[in-house]
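1. got a predicted model here, sequence first, then my questions.
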Amino acid sequence: MPFLNTIYWVVWKDLISEWRTRETISSMLFFALIVILVFSFSFAMDQDAARQLIAGIIWVAFTFTGIIGIGKSFTSELQNDCLESLQMSPVPKGAIYLGKVTANFLFMFAVEILLFPLFVIFFNLEVVEAVGMLFLVFFLATLGLSAVGTLFSALTVQIRAREVMLPVLLLPLAVPVMIAAVEATRGALNGDPYAFYSQWLHLLVIFDIIFTVVSFWLFEFILDS
Amino acid sequence: MSAIQVTSLSKAYGFYRIFEEISFTITSGACFALFGPNGAGKTTLLRILATLQAPSKGQFTIFGQDGVAQKDSVRATLLFIAHGSHLYEELSATENLQFALALRGKSPDPSHLKRALDQTGIGAYGNLKIRQFSAGMKKRLAIAKAIVAQPKLLLLDEPYNALDDGGIAITNQLIQDTMRSGGTVIMTTHDRNKAAQIATEGAILQAGRLQLLSPEELQAHALS
């Protein structure tokens, strides 16, 4: 199974490199902590008010934190011209793409798992009954952001102003995922019946499929160009 | 039998023409040395053959496969040792070899990797991260990569840079082994003497034109 093997080795390489430097995770966590602190001190909220706004705050923190991680995904390949070895690789480029998406997803999801308890503490949230649903929302939205973000990370990596261009290009496409994620998170935090916000979860699944399939198909052209 | 056939190849960046209408053939099992002054386009030509850049005009085939239309098949046959080492700083030497093989769709065999590291004189540093390697050690590791990958076409950009005498001998051994197994080597170099010792064919790329050298001219160029 050379295809699955390539995915495995790309994920392995990204995870082991990150484990040894902790550059991406630490910068993501640092940024997210600042966002949480600023918002928590900016709003002296009671629990009800917090529940109305917290979903948006969570996804602002998660999305911008994710962009930091996604951006580093391909800039790390510039050192020693490693990007060229990915370009010259005869393996299907889709496998490299899926490996990168998986690694980005794992970084983002790990940071979200670490950050969420801080949201609960700082914003005094009651989430015991909603935890399962919240993590399903985090999972689906993070997958969508990783799928489209990885493609744009590859697209912008050779641009001089890549740090600026990545969010500029990525955010308009990520808006539907963010809106669906915010609505589904709000529904789960409010304790609404599943039927009230299930359409947002369905939308996330649809975006995940579309983004992954289209990006998988486009990746080869972008990596080669 | 020709391994590489280049026909009327041109490359330009905007209005700036690097080379124009160059054609040449390299036979299977040959070592082709490409000489020329800085900025002549030697590396650009190598990058085109490595499928990293597209030519502006013309075509080339590698082992009968079109270098533009059949990129993936061509890529499976070649290995490019470039100025950038293509090595990951946070991985060890062994891990870099493992990953390089995985990117070629091959399963890494630990004993094979160890042998390649020993052959290149860096066997003792297999577990050391690349960021602790010197430029010469990185070059040796790139050679180890070629040993484990066993490509049919080896593209070497200034292969003797940063290498000590031992490293140069290892590089020449790799070139000879590749040629002996029917593979083809193309190298760019400014070191005429070293190239003349090993090259069987050669050319000078200058002012956008390619001048092919006969074996006698190749030797004479080395001595000039």
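-> It's in. Residues are numbered from 1 along each chain as shown, chains lettered A, B, ... in the order given.
2. so residue B:25 versus chain A, what's the distance?
-> 23 Å (Cβ to the nearest Cβ, to the nearest Å). Placement of C-beta: from N, CA and C, glycine included.
3. quick check, that residue in a strand?
-> Yes - applying DSSP: H, G, I helix; E, B strand; the rest coil, one finds residue B:25 inside a strand.
4. I'd assumed residue B:4 was in contact with it.
-> Yes - using Cβ atoms under 8 Å, residue B:25 makes contact with residue B:4 at a distance of 6.9 Å.
5. isn't residue B:83 right up against residue B:158?
-> Yes - Residue B:83 is in contact with residue B:158 according to Cβ under 8 Å; the separation is 6.8 Å.
6. so for those two, which residue has more residues nearby?
-> Each of residue B:83 and residue B:158 has its neighbours counted (other Cβ atoms under 10 Å in any protein chain shown); residue B:158 has more, 19 against 11.
7. and the more buried one, what is it in contact with?
-> B:83, B:187, B:188, B:189, B:190 (Cβ atoms under 8 Å, 6 or more residues apart in numbering or on different chains).
8. give me the phi and psi for it.
-> phi 50, psi 60 (degrees, to the nearest 10).
9. swap in the one 3 residues further on?
-> As for residue B:161, its main-chain torsions (degrees, to the nearest 10) stand at phi -60, psi 140.
10. burial measure for it, as a count.
-> Using other Cβ under 10 Å: residue B:161 sits among 14 other residues.
11. which residues are in contact with the closest residue to it other than its chain neighbours?
-> Distance criterion Cβ to Cβ, 6 or more residues apart in numbering or on different chains; nearest residue to residue B:161, sequence neighbours excluded, is residue B:139 at 7.3 Å. Shown in contact with residue B:139 (Cβ under 8 Å, 6+ apart): B:81, B:85, B:159, B:161, B:162, B:163, B:167.
12. if you set the cut-off to 10 Å instead, what comes out?
-> Each residue near residue B:139 by Cβ atoms under 10 Å, 6 or more residues apart in numbering or on different chains is listed here: B:81, B:85, B:87, B:120, B:133, B:158-164, B:167, B:170-171.
13. for it, give me the pLDDT.
-> Residue B:139 carries a pLDDT score of 94 in this model.
14. which positions in the helix or strand that contains it come out as buried?
-> Under the criterion DSSP states H and E, the helix or strand holding residue B:139 is helix B:135-149. For helix B:135-149, a neighbour-count test (16 or more other Cβ atoms under 10 Å in any protein chain shown) marks B:136-149 as buried.
15. chain center to that helix: distance?
-> The chain centroid and the centroid of helix B:135-149 are separated by 12 Å under Cα atoms, centre = their mean, to the nearest Å.
16. which residues does the residue nearest the centre of chain B bridge with?
-> Most central in chain B under Cα atoms, centre = their mean is residue B:155, positioned 1.7 Å from the mean C-alpha point. Beta-bridge pairing of residue B:155 under DSSP bridges involves residue B:80, residue B:186.
17. which parts of chain A are helices?
-> Ranges of helices within chain A are A:2-21, A:23-42, A:47-75, A:82-88, A:93-122, A:131-156, A:162-190, A:194-224, based on DSSP state H.
18. nearest to residue B:61, of the ones you listed?
-> helix A:82-88 (17.4 Å; Cβ to Cβ).
19. ok, back up a step: between residue B:83 and residue B:158, what contacts are shared?
-> residue B:43.
20. ok and the residue in chain A nearest chain B?
-> The nearest approach of chain A to chain B comes at residue A:81, 2.6 Å away (Cβ to the nearest Cβ).
21. hang on, that residue packs against residue B:50?
-> No - under the criterion of Cβ atoms under 10 Å, residue A:81 is not in contact with residue B:50, lying 11.5 Å apart.
22. for those two, indicate the residue with more neighbours.
-> residue B:50 (25 against 17).
23. let me see the contact set for residue 55.
-> I'll assume chain A. Counting by Cβ under 10 Å, 6+ apart, residue A:55 has contacts A:134, A:137, A:181, A:182, A:183, A:184, A:185, A:186, A:187, A:188, A:189, A:190.
24. let me rephrase: I mean chain B.
-> Residue B:55 touches B:6, B:8-12, B:18-19, B:22, B:44-45, B:48-49, B:67-68, counting by Cβ under 10 Å, 6+ apart.
25. most neighbours out of these, which is it?
-> Neighbour-wise, the contacts of residue B:55 (other Cβ under 10 Å) top out at residue B:45, 28 neighbours.
26. per-residue pLDDT, it?
-> 96.
27. does chain A sit close to the helix or strand hosting it?
-> According to DSSP H and E, residue B:45 maps onto helix B:42-49. Yes - if you take Cβ under 10 Å from any Cβ of the partner chain as the test, helix B:42-49 does meet chain A, through residue B:47.
28. do stretch B:187-203 as well
-> No - Stretch B:187-203 stays clear of chain A (Cβ under 10 Å from any Cβ), getting no nearer than 15.9 Å.
29. any buried residues in that stretch, and which?
-> B:187-189, B:191-192, B:194-196, B:198-203.
30. what's the answer for stretch B:80-93, then?
-> For stretch B:80-93, using 16+ other Cβ under 10 Å, the buried residues are B:80-82, B:84-93.
31. how about those in JSON lines, adding pLDDT?
-> Formatted as JSON lines, the buried residues of stretch B:80-93 follow (pLDDT from 0 to 100):
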{"residue": "B:80", "pLDDT": "96"}
{"residue": "B:81", "pLDDT": "95"}
{"residue": "B:82", "pLDDT": "92"}
{"residue": "B:84", "pLDDT": "87"}
{"residue": "B:85", "pLDDT": "87"}
{"residue": "B:86", "pLDDT": "94"}
{"residue": "B:87", "pLDDT": "95"}
{"residue": "B:88", "pLDDT": "96"}
{"residue": "B:89", "pLDDT": "95"}
{"residue": "B:90", "pLDDT": "95"}
{"residue": "B:91", "pLDDT": "96"}
{"residue": "B:92", "pLDDT": "97"}
{"residue": "B:93", "pLDDT": "97"}
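32. list just the nearest of those to chain A.
-> Using Cβ to the nearest Cβ, the buried residues of stretch B:80-93 come closest to chain A at residue B:84, 2.6 Å.
33. so the residue nearest to the closest one when sequence neighbours are not counted versus residue A:57, what's the distance?
-> Spatial nearest neighbour of residue B:84, excluding adjacent residues (Cβ to Cβ, 6+ apart): residue A:81 at 2.6 Å. Distance, residue A:81 to residue A:57, by Cβ to Cβ, to the nearest Å: 40 Å.
34. fine by me, we can end here.
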